[in-house]
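Enquirer: pasting the structure only:
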């Protein structure tokens, strides 16, 4: 009778149990897939959400799941759709789309524990792919929550019986994740690091945003918006250079089309060895953490003399470049001197190439340059006169310059006289070339913002800058016409250079409380970038050397990782063995106590005897105890096997057994 009742109850609970497990699976899929949905073709989220909706409806209506004859064509259709849409099935976007399509298809055949486990493990892969897509520290918090939800779904779907309440499932997932933290840290520090990017960044109108590109057309830009996005962060070893010395060298633009300055291919320049420091030059050491930019150029304080970036070189234009695009955040150390490099050979080639100008371009500027060159006694005096013109005449620095026509420099110099650094660098470079003096434009960043909370400097895309280098007396010399027009731009930054006063972002940053919040958040991000995302082979070697292991090979790291993980697992196992106490079964303890007390007056229970069998045997031997022993055993059987026992009834039974004392057997007369 008892068995029949329990079977009916379990049959009644089966549909709700299946629905509860399904809802946990769906929740895990949605949490793991959400970071990808906005980055994929629209049909992917449509297919995923449609299948999920149908699967939930089928569970509530108790419809039959699709047969294999329908599932196989649907799966092949999903695979081909991804292949046609992305031209591949690998890579971040295509792989994420394929995982989402396949996990939704898998929901159409979740009939057992194995099928549900497969869905959960695909969710783990989706979370890993989401981290490849976005590595900011806020994404780590979301992914941790995703891991907890997915682990809770694994716990719920692996259960036999009804799902437990959500708080209990999340608590179990949290305990499992906490137990995995030591193992995670060991693998993070000891797993052999492989250099190279794991993800790639995807590589505009009169509007533009501050930053670096491989060409510059200032005449087409009528509004230059400031970007607060971080370009790189830097820590100086000792004294920090003055603001006027913070020129971070980037792309060098040498070809002029009449409107656009373009960069010559790196290979055309050739490479040169690390320059030697000039006597009495100030040397500045620093550690620079460069954000991904998808380009090959690196940033260095002028003039670089040492750097430790693997597979990098210095071009003849003194531009530091890498052999591969910078598609992941990297950190490197550099040493620069605050002085022009020593004279280099090749002046004949430079004087020929760096004076080229397109025919018929900017005739008024060319005529003005020739006239001014006749008055100047030397190349240096010519440049000084141009700089004085910018400094003394009515030129204005603005991020909203008027548009320029075909002859951009002519209109800028003789009509509008309003522009930003690109306009001024372009004008000075063209005038120098028109006078027969080799000149080129250097782009990069100028300035930095100090973060006292992290003791480092932030260089944002808003600090993007352009200046001119002129070949004088066998060497390149830097001239910054922006410093002549708006010296505050160089000393204090953009906001002080603008005619209209501080921008919205700058005004907000001047509020001390808000500024502290901004700097605190940036310090947290900088620490995350430095110690987690930028933890590469060099950082790992440094950590190992601090532990007394110099230049470990990959084999050494694998052995150290295997030994450490094994020892950690042994320690965890021993700790759990000594400290993990099984939950006391009050009902079972009370029954064993009853058996022990009956054994003293009658006989012990055989290990093979069940409760009813033992009670009948005791009643046969001692009829006077049959009624009370039988009642106690009936209560135990009902509490143990008739569904979930009531805790109050269990405590009453245990208290009754504790007070029960069977009468001793009477001796024969």
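Expert: That came through fine. These numbers come from a predicted model, not from an experiment. Residues are numbered from 1 along each chain as shown.
Enquirer: Three-state assignment for the most centrally placed residue in the chain, please.
Expert: Centroid-nearest residue in the chain: residue 135, 0.6 Å away (criterion: CA atoms, centre = their mean). When classified by DSSP: H, G, I helix; E, B strand; the rest coil, residue 135 comes out as coil.
Enquirer: just the pLDDT for it.
Expert: For residue 135, the model assigns a pLDDT of 71.
Enquirer: cool, residue 635 as well?
Expert: Model confidence at residue 635, given as pLDDT, is 90.
Enquirer: tell me if I'm right that residue 149 and residue 28 touch.
Expert: Yes: Residue 149 sits in contact with residue 28 when judged by CB atoms under 8 Å, with a separation of 5.6 Å. The way it works is simple: take the backbone N, C-alpha and C, and place the C-beta from them, glycine included.
Enquirer: these two: who's more crowded?
Expert: Looking at residue 149 and residue 28 with other CB atoms under 10 Å, you find the greater number of neighbours at residue 28, namely 28 against 22.
Enquirer: what sits against that one?
Expert: Residues touching residue 28, when contacts are defined by CB atoms under 8 Å, 6 or more residues apart in numbering, comprise 119, 120, 123, 149, 150, 153.
Enquirer: in which helix or strand would I find it?
Expert: If you go by DSSP states H and E, residue 28 is part of helix 2-37.
Enquirer: helices and strands around the next helix or strand after that helix, which ones?
Expert: Note on helix 2-37: by DSSP H and E, the next helix or strand toward the C-terminus is helix 43-61. Using 3 or more CB pairs under 8 Å, 6 or more residues apart in numbering; DSSP states H and E as the contact criterion, the neighbours of helix 43-61 among helices and strands are helix 2-37, helix 68-86, helix 92-106.
Enquirer: quick one: those as TSV, columns for mean pLDDT and distance to residue 584 too.
Expert: Shown next, in TSV, are these (pLDDT from 0 to 100; distance: least, CB to CB, whole Å):
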stretch	mean pLDDT	distance to residue 584
helix 2-37	66	24
helix 68-86	89	48
helix 92-106	88	41
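Enquirer: so in this structure, where's the weakest helix or strand by average pLDDT?
Expert: Sorted by mean pLDDT, DSSP states H and E, the helices and strands of the chain end with helix 494-497, the least confident at a mean of 41.
Enquirer: what's the burial count for residue 634?
Expert: Burial measure for residue 634: 13 neighbouring residues, criterion other CB under 10 Å.
Enquirer: in the host helix or strand of it, which residues are buried?
Expert: Secondary-structure assignment from DSSP H and E places residue 634 in helix 623-641. For helix 623-641, a neighbour-count test (16 or more other CB atoms under 10 Å) marks 625, 629, 632, 633, 635, 636, 637, 639 as buried.
Enquirer: which other residues reach that helix?
Expert: Applying CB under 8 Å, 6+ apart, the contact partners of helix 623-641 are 2, 6, 587-588, 590-591, 594, 598, 601-602, 611-612, 614-615, 618-620, 645-646, 649-650, 653, 656-657, 660, 662-663.
Enquirer: before we move on, what about stretch 594-611?
Expert: Applying CB under 8 Å, 6+ apart, the contact partners of stretch 594-611 are 591, 614, 617-618, 621-622, 625, 629, 632-633, 636-637, 657, 660-665.
Enquirer: and with 6 Å instead?
Expert: When contacts are defined by CB atoms under 6 Å, 6 or more residues apart in numbering, stretch 594-611 is touched by residues 614, 618, 621, 622, 632, 633, 636, 637, 657, 662, 664, 665.
Enquirer: and these as a markdown table, adding distance to residue 20?
Expert: Formatted as a markdown table, the entries for the contacts of stretch 594-611 read as follows, by distance: CB to CB, whole Å:
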| residue | distance to residue 20 |
| --- | --- |
| 614 | 39 |
| 618 | 44 |
| 621 | 49 |
| 622 | 49 |
| 632 | 37 |
| 633 | 36 |
| 636 | 31 |
| 637 | 30 |
| 657 | 36 |
| 662 | 46 |
| 664 | 53 |
| 665 | 54 |
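Enquirer: can you list the strands that the helix or strand hosting residue 253 pairs with?
Expert: Secondary structure from DSSP H and E places residue 253 in strand 247-256. Each strand paired with strand 247-256, and its direction, by DSSP bridges: strand 261-263 (antiparallel), strand 300-301 (antiparallel), strand 439-446 (antiparallel).
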